[in-house]
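Enquirer: need a structure here:
(one chain, ligands or ions: 1)
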Amino acid sequence: MEKVDTVIIGAGVIGLAIARQLARPGKSVFVLEQHDRFGEETSSRNSEVIHAGIYYPSGSLKAFLCVRGKALLYNYCEQHRIPCRRTGKLIVATTAAETGQLKHIYSHAAANGVRDLQWLSQEKLKEKEPAVTGIAALFSPSTGIIDSHTYMQTLLMEATQNDAELVTGTRVLSMSCNNVQDGFLVTAVTNGETYQFHSRTLINAAGLGAQQIATDLPGKTPIPPLYYCKGHYYSLQGSCQPFRHLVYPVPEQNTTGLGIHATLDLAGNTRFGPDTAYIDTVDYRMSAEAPESWYAAIRRYWPALPDGALQPDYSGIRPKLQQAGEASQDFVIQGHETHGLPGLIHLFGIESPGLTASLALAGYVESLLEGQDPREHLQ
Ligand SMILES: Cc1cc2nc3c(=O)[nH]c(=O)nc-3n(C[C@H](O)[C@H](O)[C@H](O)COP(=O)(O)OP(=O)(O)OC[C@H]3O[C@@H](n4cnc5c(N)ncnc54)[C@H](O)[C@@H]3O)c2cc1C
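Expert: As a prediction, the model looks like this:
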């Protein structure tokens with residue numbers, strides 16, 4: 001039976017960043033993807049925001065990998081001429097209570113290593129973003145946007161230059177391990193034909209599919225539950241593009257999302273969202289009209305939003321590890337020390353800021369495989 005060095009399941013931004021990290025001339029590294037192209041799921045259904053790392057719990061993997069990943073990603077974009085822009089982001093308070101929350105956000109961000117936030121008075125906010133109504137704001141200059149498709153294409157190009165291969169149209173059905181010396185037995189199907197091979201190293205970066213394919217493998221730690229949490233986007237119709245920065249409300253406390261915010265794409269178009277809606281099955285459909293509650297939420301910071309101006313754009317699904325109302329969970333990255341199987345890495349719950357964190361996360365995975373302390377290694 002064929003034996004390869006490394007198999008990475010999933011050609012989203014995480015699988016591709018890991019492929020780039022692990023690829024070496026002469027080493028057999030395969031990325032297996034069920035679709036006909038890379039990046040067809042969550043990696044092309046997000047806000048394309050390079051996050052600063054403001055809100056995540058201090059000490060969490062999300063905070064650690066976001067802050068490091070952001071710096072790595074801006075450098076990478078510069079080196080490889082990947083379109084990106086440091087647009088900056090405003091977090092806008094519209095009530096006195098929200099102004100109080102801004103102060104907490106400011107100190108929380110600093111604890112995460114985000115020390116460049118600027119406090120804006122009402123006047124300064126008006127100068128920066130005249131269309132926005134608020135009584136105070138925080139400005140994050142290191143938040144930006146990226147062309148995620150070109151980014152993924154570049155990761156793939158670098159990986160293949162070092163002999164890695166993308167195998168599309170190939171769905172992994174299961175993986176098992178009888179004997180660690182033999183590596184992992186992968187069962188996959190391409191064009192209706194099922195085949196098996198062994199891999200010494202196996203990376204499960206299957207996003208929404210990660211839990212399902214992990215179930216046959218023995219392991220000392222349980223597989224975390226998976227909940228689908230959909231986010232819808234509605235774009236702004238018409239030629240008026242009101243903002244120059246990304247505009248976010250102060251997040252409502254004890255909610256899952258960041259509130260209905262405005263992001264820009266690199267062409268300067270404005271879109272709003274994503275919201276948070278737990279669903280039972282993967283379903284990307286959109287309703288034709290944005291709910292009235294969206295208009296009300298946006299008008300709190302942009303009263304000039306015209307009636308009927310929101311048109312359906314697209315949706316994405318977050319692989320959440322907690323149900324609605326439960327405490328937010330961190331990324332779960334399981335290596336040898338957690339499940340006891342050398343050469344196997346599972347990545348679960350890689351929701352936002354996965355795109356921002358991708359390069360740092362790939363370095364983290366490599367450190368785990370090499371038996372190093374990944375946090376030390378990535379300092
Ligand atoms: C609404 C939304 C907004 C977001 N906004 C941002 C943002 O602005 N900034 C940011 O940093 N992050 C953001 N994120 C998070 C970011 O998009 C994800 O963290 C990232 O895309 C996850 O990449 P991935 O490779 O793990 O998953 P995916 O892109 O889903 O890739 C997994 C791949 O595995 C494949 N696969 C699954 N099962 C199998 C199988 N059995 N066999 C073969 N292939 C399989 C899938 O087809 C898929 O291509 C957002 C996410 C969502 C949902």
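
Enquirer: going forward, measure contacts and count neighbours with C-alpha atoms only.
Expert: OK.

Enquirer: measure residue 338 to residue 176 for me?
Expert: 17 Å (Cα to Cα, to the nearest Å).

Enquirer: neighbour-wise, which of these two wins?
Expert: Using other Cα atoms under 10 Å as the criterion, residue 338 and residue 176 rank with residue 176 on top: 17 against 14.

Enquirer: How about the residues of the stretch 201-350 of the chain by the ligand?
Expert: Residues of the stretch 201-350 of the chain lying close to the ligand (Cα under 6 Å from any ligand atom) are 205, 206, 207, 208, 209, 231, 274, 316, 317, 318, 350.

Enquirer: Residue ranges in the stretch 201-350 of the chain under the pLDDT threshold?
Expert: Per-residue confidence for the stretch 201-350 of the chain (pLDDT under 70) gives these ranges: 254-256.

Enquirer: Show me where it has its helices.
Expert: 210-214, 292-299, 336-339 (DSSP state H, counting those that start in this stretch).

Enquirer: one step back: I'd like the residues of the stretch 201-350 of the chain next to the ligand written out as JSON lines, with neighbour count added.
Expert: Output for these, formatted as JSON lines (neighbours: other Cα atoms under 10 Å):
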{"residue": "205", "neighbour count": "27"}
{"residue": "206", "neighbour count": "27"}
{"residue": "207", "neighbour count": "25"}
{"residue": "208", "neighbour count": "22"}
{"residue": "209", "neighbour count": "16"}
{"residue": "231", "neighbour count": "21"}
{"residue": "274", "neighbour count": "24"}
{"residue": "316", "neighbour count": "24"}
{"residue": "317", "neighbour count": "28"}
{"residue": "318", "neighbour count": "23"}
{"residue": "350", "neighbour count": "26"}
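
Enquirer: Now do the helix or strand containing residue 155: everything it contacts.
Expert: Per DSSP states H and E, residue 155 falls inside helix 148-161. Residues from elsewhere that reach helix 148-161, judged by Cα atoms under 8 Å, 6 or more residues apart in numbering: 12-13, 16-17, 19-21, 23, 38-39, 43-44, 48, 77, 80, 82-83, 165-166.

Enquirer: buried ones in it?
Expert: Buried residues in helix 148-161, counted by 16 or more other Cα atoms under 10 Å: 148-160.

Enquirer: if we can go back for a sec, hey, which of the helices of the stretch 201-350 of the chain is tucked in deepest?
Expert: Mean neighbours per residue, mean count of other Cα atoms under 10 Å, is largest over the helices of the stretch 201-350 of the chain for helix 210-214, with a mean of 18.
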